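Visitor: sequence and predicted structure below; questions after.
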Amino acid sequence: MDDAELGAFLHEQRTVACATIDRDGSPHVMPLWYLLRDGDVWVWTYAASQKVRNLERDPRATLMVEAGERYEELRGVMLRVDAVIERGAELVSALGMAIYERYLGGELPEEVRATIARQSQKRVAIRFIERSRASWDHRKLEAA
């Protein structure tokens with residue numbers, strides 16, 4: 001996929017699989033909701049989660065977003081990234097609001113906003129900065 005196709009694909013999809021490295025060297029893979037900002041994937045998650053502990057120890061991660069059910073429909077991207085953990089209360093809360101607006105479809109009811117504000121006290125924002133990528137789109141195979 002070229003940059004434009006990749007951007008459109010990431011805007012369409014809803015879940016990113018995030019692989020971090022556990023203390024013993026094994027992969028730790030978890031699904032996350034995400035948001036694109038200036039070309040970077042951003043997530044918010046609990047500060048005490050295993051993935052955050054892993055990223056504090058080693059900021060390298062691999063992200064994968066995929067779509068399709070049949071072989072000829074498969075498309076996706078694997079991003080090798082460096083994680084930057086942000087703990088600023090305003091940034092974390094604003095990111096949580098933006099993610100929920102994306103996934104719930106627009107303006108959030110006040111009770112949802114209040115829940116996000118409470119949750120954000122226990123959460124961090126993570127910005128994933130791309131180092132390299134591999135993408136695929138099997139829908140293009142017939143044309144090749």
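Guide: That came through fine.
Visitor: and the longest helix belonging to the chain, what does it pack onto?
Guide: Assignment by DSSP state H gives helix 89-104 as the longest helix of the chain. With contacts taken as 3 or more CB pairs under 8 Å, 6 or more residues apart in numbering; DSSP states H and E, helix 89-104 sits against strand 35-37, strand 40-46, helix 110-119, strand 123-137. To be clear about C-beta, it is placed using only N, CA and C from the backbone, and glycine gets the same treatment.
Visitor: what residues sit buried inside the longest one?
Guide: Translated: strand 123-137. 123-128, 137 (16 or more other CB atoms under 10 Å).
Visitor: by pLDDT, give me the weakest of those residues.
Guide: Minimum pLDDT across those is recorded for Asp137, with 93.
Visitor: residue contacts, the residue lying closest to that one once chain neighbours are set aside?
Guide: Ranked by CB to CB, 6 or more residues apart in numbering and with sequence neighbours excluded, the top spatial neighbour of Asp137 is Arg75, at 4.1 Å. By CB atoms under 8 Å, 6 or more residues apart in numbering, the contact set of Arg75 is 1, 9, 66-68, 135-139.
Visitor: want to throw those into JSON lines with distance to Ile85?
Guide: JSON lines is the format used below for the contacts of Arg75 (distance: CB to CB, whole Å):
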{"residue": "Met1", "distance to Ile85": "28"}
{"residue": "Phe9", "distance to Ile85": "26"}
{"residue": "Glu66", "distance to Ile85": "25"}
{"residue": "Ala67", "distance to Ile85": "28"}
{"residue": "Gly68", "distance to Ile85": "32"}
{"residue": "Ser135", "distance to Ile85": "26"}
{"residue": "Trp136", "distance to Ile85": "29"}
{"residue": "Asp137", "distance to Ile85": "32"}
{"residue": "His138", "distance to Ile85": "35"}
{"residue": "Arg139", "distance to Ile85": "36"}
